[in-house]
Structure formats: C-alpha cells, structure tokens
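Engineer: Next input, structure requested:
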Amino acid sequence: TLVTLQVYDVTNSVSERTNSLIVGVNVLFKDTMSLGGVFHCGVEVNNHEWSFGYCERGSGVYNCRPMCNSMYTHRESIPVGITPLSPTRLRAVIAELQEEWPGHSYDLLARNCNHFSGAMVEALGCGPIPDWVNALPNLADSLLTLSATASTPVQYFGTRLSDSYISASSWFSEMVGWTNEEEPDR
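Structural biologist: Numbering: from 1, shown residues only. Have a look, this model is predicted:
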C-alpha cells in the first residue's frame, strides 16, 4: 500500500492578509531557499489521511479524506514509500499511535502534526519525511531552548540539533558567521 505525505500551507487564519503572508513565507523559505516553512502535514494510507492536533482530552490523532483537510490549503503530495504492513497490522499501528499522541501533548514547535507524520511514516516502515517539513519549527524551538540555556550557540548546535533540521542550522550559522570550530564573540 502506497504511503503519501500530504503537505498543506497553514492558512487557517480568519485574516486573508495573514494567510497570504504565510503562503509568501512558504514560497520564500521552502521554494526559493529550501529551508522549510509553516506547514501542516498528514499521512495518507488506504484512502485515509491521518494527522495530529490539539484537544483537551483523548487522542489528538484524527483522519480526513486525503488532500481535503478543510483547515488548510493543500500544497503538495509526496510519496514516502510502500508499507509492508497488512491491513490488520496497519489498524493496530494506528491504534498505538492514537495512544502515544494524546491531544494535550501537542506543542506547536516541539510535538506537532509534522512530528506525528514523521513518526507514523516510520511506524509504517516508510520514509523518512523531507527535512524541510519541520525545519522552521525545529529551528524556532532550538532558538527558544538556546535562549533559556547557558551553553554557547556552537555547543548547543553541535549537540542538540536533530538531523531533521541540520540544513536550517547550517544556514543560520552561515548567516551569523559562526563555524563549528570557533565560538561566537561574547
């Protein structure tokens, strides 16, 4: 069974100006600079699209028709592999994910729909999802964590960043003129 990552621009604001700004950011950062953007993702398998969002009680895992999440604007479909799982095992994996991803555990930067999509794709024996999908939230989370720690940015970037956003951190380091061999001026 084919597994497809469905990627959306986050255009659920009531303000058309905000929605246009987000699409513009996504075009600039993802399409022009290959650094990611502000995206929502779901995983399509067996004609259902599974994703994750906030709720006070119960699982944050939900499904909708593929490419039809009404809260966002569909951007692109990315095949991520063919799952070897039987329909019975697939249902069991989804049930496990529903337990592991309660809605109250949602965090915009550190545990969002894109993190869930990566975990689901991996659980299905496919993937990985592209690094750019979560690069911007991961970079923002890292910068927030960095500001709350006493370690230097070089030490932090050297030990804390996951592979999913090394390209974004490399870009950031180049922008501020840091290298892995030197410490920034204090």
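Engineer: Please identify the helix or strand for the most centrally placed residue in the chain.
Structural biologist: The centroid of the chain falls nearest to residue 114 when counting by CA atoms, centre = their mean (2.8 Å). Assessed by DSSP states H and E, residue 114 sits inside helix 113-123.
Engineer: helices or strands up against the helix or strand following that helix?
Structural biologist: Following helix 113-123 in sequence order, the next helix or strand is helix 132-147 (DSSP H and E). On a contact count with 3 or more CB pairs under 8 Å, 6 or more residues apart in numbering; DSSP states H and E, helix 132-147 meets strand 39-45, helix 113-123, helix 153-159, helix 166-176. All C-beta spots, glycine's among them, are computed from the backbone N, C-alpha and C.
Engineer: Go through helix 132-147 and flag the buried ones.
Structural biologist: 132, 133, 134, 135, 136, 137, 138, 139, 141, 142 (16 or more other CB atoms under 10 Å).
Engineer: just to revisit the earlier point, roughly how far apart are the residue nearest to the centre of the chain and residue 136?
Structural biologist: 10 Å (CB to CB, to the nearest Å).
Engineer: same question, residue 57
Structural biologist: From residue 57 across to residue 136, the span is 29 Å (CB to CB).
Engineer: before we move on, the earlier item: mind listing what's buried in the helix holding residue 114?
Structural biologist: Buried, per 16+ other CB under 10 Å, within helix 113-123: 113, 114, 115, 116, 117, 118, 119, 120, 121, 123.
Engineer: between the residues you listed, which is nearest residue 149?
Structural biologist: Proximity of these to residue 149 (CB to CB) peaks at residue 115, which lies at 21.3 Å.
Engineer: Report pLDDT for the nearest residue in space to the closest one that is not next to it in sequence.
Structural biologist: Counting by CB to CB, 6 or more residues apart in numbering, residue 134 is the residue found nearest to residue 115 once chain neighbours are left out, at 6.6 Å. The model reports residue 134 with a pLDDT of 92.
Engineer: so residue 10 touches residue 38, yeah?
Structural biologist: Yes: assessed by CB atoms under 8 Å, residue 10 is found in contact with residue 38 at 4.7 Å.
Engineer: Neighbour count for those two, which is higher?
Structural biologist: residue 10 (20 against 17; other CB atoms under 10 Å).
Engineer: State the distance from that one to residue 123.
Structural biologist: When distance is defined by CB to CB, residue 10 is 24 Å away from residue 123.
Engineer: and what of residue 57?
Structural biologist: Taking CB to CB as the measure, residue 57 and residue 123 are separated by 23 Å.
Engineer: Go through this structure and flag its longest strand.
Structural biologist: strand 73-82 (DSSP state E).
Engineer: So in that sheet, which strands flank it, and in what orientation?
Structural biologist: Sheet pairing of strand 73-82 (DSSP bridges) gives strand 2-9 (antiparallel).
Engineer: angle of the partner strand against strand 39-45?
Structural biologist: Angle, strand 2-9 to strand 39-45, by axes from the mean of the first three to the mean of the last three CA atoms, to 10 degrees: 160 degrees.
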